[in-house]
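Undergrad: I would like the atomic coordinates for the input below:
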Amino acid sequence: MADLFDTPGEPVPDTAPRPLADRLRPRSLTEVIGQDQVLGPEAPLGVMLASGSLSSLIFWGPPGVGKTTIARLLADETNLHFIQISAIFTGVPELRKVFEAAKIRRQNGQGTLLFVDEIHRFNKAQQDGFLPHMEDGTILLVGATTENPSFELNAAVLSRSQVLVLERLALKDLERLAQRAEKELDRTLPLDGPAREALLEMADGDGRALLNLIEQVAAWKVKDKLNTDALSKRLMKRAAKYDKSGDEHYNLISALHKSVRGSDPDATLYWFARMLEGGEDPRYLARRITRMAVEDIGLADPQAQAVCLQSWETYERLGSPEGELALAQALVYLALAPKSNAAYAGYKAARASAKKTGSEPPPKHILNAPTSLMSDQGYGAGYQYDHDAEDGFSGQDYFPETMKRPVLYAPVERGFERELKRRLDYFTKLRLKRNE
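TA: Modelled structure (predicted):
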């Protein structure tokens, strides 16, 4: 009797048509292309298999990089019964049946490798349901997710598993896969060199997508090799992987922000374009660009914030795609502007200090005294009007009387803030002189 979630129905005849991706599915871990960082002799899985001790695993990576294949081959390597489920289609009743079947299998002397695709789609209660069966050895869990496990999986599941990151296939890996496909098809793809490279790039690091594309191209009946233009007309370019609410969104905005901070206009424009190509809302980018000006340029170039606001307004007036050029110009300006986070750091330090000192009142000499009672209490007594002081600076202390004067704002020697530092140093010297 077939186990639950084994392949249902009658065996498929060898003569039945099979997709190229299925025909080329590796039969051993040594046939897997790419992922040396987890499969190599000194890599985590290589070490586990060599020692004969395989732990529960979470595979984190984009689609089409071999998560399911590697899990199935791990079961073969360790003589574990392989069961595959998807979190999208599996509920609690089905999970109970899986666990019961695994218990019976264990009593009969065989372990179970349970592969859970899209494991992040299980809720907390469902994820908690795996724990006792992982702990008593009923199952060895291998989960697959395209989302960051740190945010999507329970800490308890993560603590009992090792997270392995699977990466997009590099062009050299995709070329090896293409050559393997040509051998299986017994024909060479009808593409010239640049077109072949363009085909690999269309896959965007996804091996399964590449094999699907190759299957289409191989079916074309053409006399001569196609160039890149001809290929583009016959094939739609695969959309780049980008989820406006997921990891890719945060990864790319982080790359954009750090490129600006690192004063690299070329990288800045590249990540800006990547986000636009992925369908990002330019208004979100306009807001983030303005934030960059406030956080990372600050008073080193006070004009930067105005440039960002003007580019934002220009986008609102022009719309896409012309308005996006204004945002691009603002980004180039920010990338090349002098950088300072001194005001930002000072603001955070001030917030921390305000939280620590609680309800300390201002010193009485800077309090107004609109009533005689307040005047009797010393409000305003001893206040020195700065415009009447020498150099227009009294040097009085404006912090609470019980608080030691802190240094919160420390300007840098860059851009306009160099001038602000000169002024601050000047006032510091005057303050020391007035309080001698």
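
Undergrad: only C-alpha atoms from now on, for both contacts and neighbour counts.
TA: OK.

Undergrad: how close does the residue in the chain sticking out farthest from the centre sit to residue 383?
TA: Farthest-out residue of the chain from its mean C-alpha position, per Cα atoms, centre = their mean: residue 372, at 61.6 Å. Distance check for residue 372 against residue 383: by Cα to Cα, to the nearest Å, it reads 17 Å.

Undergrad: cool, residue 430 as well?
TA: Computed as Cα to Cα, the residue 430 to residue 383 distance reads 17 Å.

Undergrad: what do you get for residue 234?
TA: Noted for residue 234: a distance of 81 Å to residue 383, by Cα to Cα.

Undergrad: more neighbours: which of the two?
TA: Counted by other Cα atoms under 10 Å, residue 234 and residue 383 do not tie: residue 383 has more neighbours, with 15 against 11.

Undergrad: quick one, what contacts the more buried one?
TA: By Cα atoms under 8 Å, 6 or more residues apart in numbering, the residues touching residue 383 are 365, 366.

Undergrad: next, it: secondary structure please.
TA: The three-state label given to residue 383 by DSSP: H, G, I helix; E, B strand; the rest coil is coil.

Undergrad: pLDDT wise, what is it at?
TA: The pLDDT attached to residue 383 in the predicted structure is 90.

Undergrad: also residue 32?
TA: According to the model, residue 32 scores 94 on pLDDT.

Undergrad: how close does it get to residue 210?
TA: Using Cα to Cα, residue 32 is found at 15 Å from residue 210.

Undergrad: out of those two, which sits in the busier spot?
TA: For residue 32 versus residue 210, the count of surrounding residues by other Cα under 10 Å is larger for residue 210: 24 against 19.

Undergrad: and the spatially closest residue to the more buried one that is not a sequence neighbour, how many neighbours does it have?
TA: With Cα to Cα, 6 or more residues apart in numbering as the measure, residue 203 is the residue that lies nearest to residue 210, at 4.9 Å, once sequence neighbours are left out. The number of residues packed around residue 203, counting by other Cα under 10 Å, is 24.

Undergrad: isn't residue 203 up against residue 197?
TA: No. The pair residue 203 and residue 197 fails to qualify as a contact (Cα atoms under 8 Å) at a distance of 10.3 Å.

Undergrad: who touches both of those two?
TA: Overlap of the contact sets of residue 203 and residue 197 (by Cα under 8 Å, 6+ apart) is empty.

Undergrad: helices along the stretch 251-400 of the chain, start to end?
TA: According to DSSP state H, counting those that start in this stretch, the stretch 251-400 of the chain carries its helices in the segments 265-277, 282-292, 303-318, 322-336, 342-357, 372-376.

Undergrad: turn those into TSV, columns for mean pLDDT and distance to residue 413.
TA: Shown next, in TSV, are these (pLDDT from 0 to 100; distance: least, Cα to Cα, whole Å):
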stretch	mean pLDDT	distance to residue 413
helix 265-277	92	22
helix 282-292	94	20
helix 303-318	95	17
helix 322-336	95	16
helix 342-357	91	11
helix 372-376	86	44
